[in-house]
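S.K.: Curious how this folds, go ahead:
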Amino acid sequence: MNARTRRWLGDLVEHAAAVDRLVARGKGAYDADEMLRYAAEDLLIRLGECVSRIDRDDPGFVDAHADLELRRVKDARNVIAHGADVVDAELLWSILSTNIPQVADRVARLVG
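M.R.: Residues are numbered from 1 along each chain as shown. Predicted coordinates:
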């Protein structure tokens, strides 16, 4: 892992911490507040952008670490960034509340 990859993985963990703070507000707040839903979309885009940068700079890293599920984060980013009109708020909440904490935990253990 090169220094830039390590930095972007660190950024991913930091963005995931922001996701944790958003999720901590609760599903009711997320459902009731349009701005929280927009913030959720932005955070997932930021997470996916970290993965995109790793892909460009360190080809093969993401596929070599399939257990981190980084490719899925990037795919979710692409759906939101290029298909904002079809974003499913319930699915986004599920990704943020369940998948992102797992990915962040695995990444944090890797960068140690």
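
S.K.: what's the helix or strand for Pro59?
M.R.: Using DSSP states H and E, Pro59 falls within no helix or strand.

S.K.: Likewise for Arg4?
M.R.: Arg4 belongs to helix 3-24, assigned by DSSP H and E.

S.K.: Give the buried residues for that helix.
M.R.: Neighbour-count burial for helix 3-24, counted by 16 or more other CB atoms under 10 Å, picks out 5, 8-9, 11-13, 15-16, 18-19, 22-23. C-beta coordinates here come from the backbone N, C-alpha and C atoms, glycine included.

S.K.: Nearest to Asp58 among those residues?
M.R.: Within these, the smallest distance to Asp58 is 4.5 Å, found for Thr5 (CB to CB).

S.K.: mind checking pLDDT for Val51?
M.R.: Looking at Val51, its pLDDT stands at 94.

S.K.: what's the neighbour count on it?
M.R.: Val51 has 25 neighbouring residues, counting by other CB atoms under 10 Å.

S.K.: re the thing from before, how far is the helix holding Arg4 from where the chain is centred?
M.R.: 8 Å (CA atoms, centre = their mean, to the nearest Å).

S.K.: ok, and what's touching the longest helix seen in the chain?
M.R.: As assigned by DSSP state H, the longest helix anywhere in the chain is helix 34-57. Applying CB atoms under 8 Å, 6 or more residues apart in numbering, the external contacts of helix 34-57 come out as 2, 4-5, 8-9, 11-12, 15-16, 18-19, 22, 25, 29-30, 61-62, 70-71, 73-78, 80-81, 84, 87, 89, 92-93, 95-96, 100.

S.K.: Buried ones in that helix, by neighbour count?
M.R.: 36-37, 39-41, 43-55.

S.K.: Just give me the residue right at the centre of the protein.
M.R.: Geometric centre of the chain, nearest residue: Leu47, 3.5 Å, by CA atoms, centre = their mean.

S.K.: No further questions, thank you.
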